[in-house]
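Peer 1: okay, here's the prediction I keep looking at, along with the sequence it came from:
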Amino acid sequence: MDLNKIYAPIKKDLAKVETKLRESFPQTNNLLKKINMHLFQAKKKGKRIRPALVLLSAKISSNSNSPKLNNLQKIISLAVAVELIHTASLIHDDIIDNATERHNQLTLHQKYGNQIAILAGDILYAQAFNLLSRIGVPEIVKIMSEAVKKICLGEIEETRKRERLIISSTPPSEKEYFMIIRNKTATLMSICCEAGALLSKETINSNDGKETSFLRDYGLNFGLAYQIVDDYLDLFGKKEKTGKSIGIDLKEGTFTLPLIRLREVIGQTQNLPYSLTQSPLSLRKLLIKYEILNYIQEKTNFFLSKAKEKILSFSPSIYRDGLISLTEYVYLREK
């Protein structure tokens, strides 16, 4: 599944997002210019899934499928803001995980040190909320603030579970895993869709609440499936495809869904040792032997089906097709 084809209906708008992303990070000295280049002008950029969700959601829920110019500019700003928030969270995640590569280049902290990377992430958060405040819709600022809080809570909870594993050899349950990925990944994607829908109308009061709710649910289920696949790729992905360090979860002792399910299948009588997380090859063999990948596929399909259900209620359009195609991309992606 080719993202370029999926993004075709919003290609021009995404180009505006790219331009504004580069403009959103200060370039008042040579170091800041280099950081800007590193984050937003590298040959291998991010997939821009979150800006695409904003744009497609705004256009699918617009009465005319063509928002007025003033609203379109606000929608572009919203798309930029969510990508700034996402980029900031990745910078901080990479420091916590001690990741060495992302987008086929050194992570920011590996290149410029932890202090510079942390401060760069803080700048991105500040710029994001600067843009959101200019949009002039308090509800969007409120829900985006809540999303950032949940991202941080998800990261804290994941860290706590990692520490518990080291101390007592007790991994998180599947329920705890889904709570973490809901906060860390799915909530922001959900709010991308919700905020895009809110901005697509002339005024916030004219928005169809049911429509917004459908898009919010679509984004949440899409985000859950996306993270499950991401965790699978951490085990079975190829660095040249994913563009980032492989095996980070294993190295850090983070139990993701494949490991949690494997432990359940093996059972307490054949307890999965913590040391196994240091051996990716042994782990892959066990995951294949016990057919854990079938379970991962079932879970992914479950959430993607729920996401599709919400979008099929909209009138046919190229934007509806785009959101449906994104669910297919999640299932087939290799990076």
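Peer 2: Alright, I've got the coordinates.

Peer 1: now residue 140: closest residue in space, sequence neighbours ignored.
Peer 2: Nearest residue to residue 140 in three dimensions, chain neighbours excluded: residue 195, at 4.8 Å (CB to CB, 6 or more residues apart in numbering). Placement of C-beta: from N, CA and C, glycine included.

Peer 1: who's in contact with that neighbour?
Peer 2: 54, 78, 82, 140, 143, 144 (CB atoms under 8 Å, 6 or more residues apart in numbering).

Peer 1: and the host helix or strand of it, how far out from the chain's middle?
Peer 2: With the criterion set as DSSP states H and E, the secondary-structure element containing residue 195 is helix 187-199. When C-alpha coordinates are averaged (CA atoms, centre = their mean, to the nearest Å), helix 187-199 and its chain have centres 13 Å apart.

Peer 1: what do you get for stretch 213-229?
Peer 2: Taking CA atoms, centre = their mean, one finds the center of stretch 213-229 at 10 Å from the center of the full chain.

Peer 1: repeat for stretch 229-237
Peer 2: 14 Å.

Peer 1: show me what counts as buried in that stretch.
Peer 2: 229, 230, 231, 232, 233, 234, 235, 237 (16 or more other CB atoms under 10 Å).

Peer 1: doesn't residue 261 make contact with the third one?
Peer 2: No. Under the contact definition of CB atoms under 8 Å, residue 231 does not touch residue 261, with a separation of 11.0 Å.

Peer 1: follow-up on the earlier one: between the contacts of residue 195, which is nearest residue 35?
Peer 2: residue 82 (19.8 Å; CB to CB).

Peer 1: what about the closest one, how many neighbours?
Peer 2: Residues within reach of residue 82, counting by other CB atoms under 10 Å, total 28.

Peer 1: next, give phi and psi for residue 106.
Peer 2: Main-chain dihedrals, residue 106, degrees, to the nearest 10: phi -60, psi 140.

Peer 1: so residue 117 touches residue 98, yeah?
Peer 2: No. Using CB under 8 Å as the test, residue 117 is too far from residue 98 to be in contact (11.7 Å).

Peer 1: of those two, who's got more company?
Peer 2: For residue 117 versus residue 98, the count of surrounding residues by other CB under 10 Å is larger for residue 117: 20 against 14.

Peer 1: how about the more buried one, secondary structure?
Peer 2: Using DSSP: H, G, I helix; E, B strand; the rest coil as the criterion, the local structure at residue 117 reads helix.

Peer 1: make 27 the starting number, not 1.
Peer 2: Happy to do that; since the first residue is 27 now, the last one works out to residue 143.

Peer 1: how about it, nearest residue that isn't a chain neighbour?
Peer 2: The shortest distance from residue 143 to any non-neighbouring residue, by CB to CB, 6+ apart, is to residue 135 (3.7 Å).

Peer 1: all the helices of the stretch 177-326 of the chain, residue numbers only.
Peer 2: Residue ranges of the helices in the stretch 177-326 of the chain, as given by DSSP state H, counting those that start in this stretch, are 200-207, 213-225, 235-262, 265-268, 274-278, 283-292, 306-315, 318-337.

Peer 1: out of the ones you listed, indicate the one that is most buried.
Peer 2: helix 213-225 (a mean of 27; mean count of other CB atoms under 10 Å).

Peer 1: can you tell me the average pLDDT over it?
Peer 2: For helix 213-225, mean pLDDT rounds to 96.

Peer 1: residues contacting the most centrally placed residue in the chain?
Peer 2: The residue at the geometric middle of the chain, judged as the C-alpha nearest the mean C-alpha position with CA atoms, centre = their mean, is residue 211 (4.8 Å). Applying CB under 8 Å, 6+ apart to residue 211 gives the contacts 180, 249, 250, 252, 253, 256.

Peer 1: quick check: the third one vs residue 211, distance?
Peer 2: This points to residue 250. 8 Å (CB to CB, to the nearest Å).
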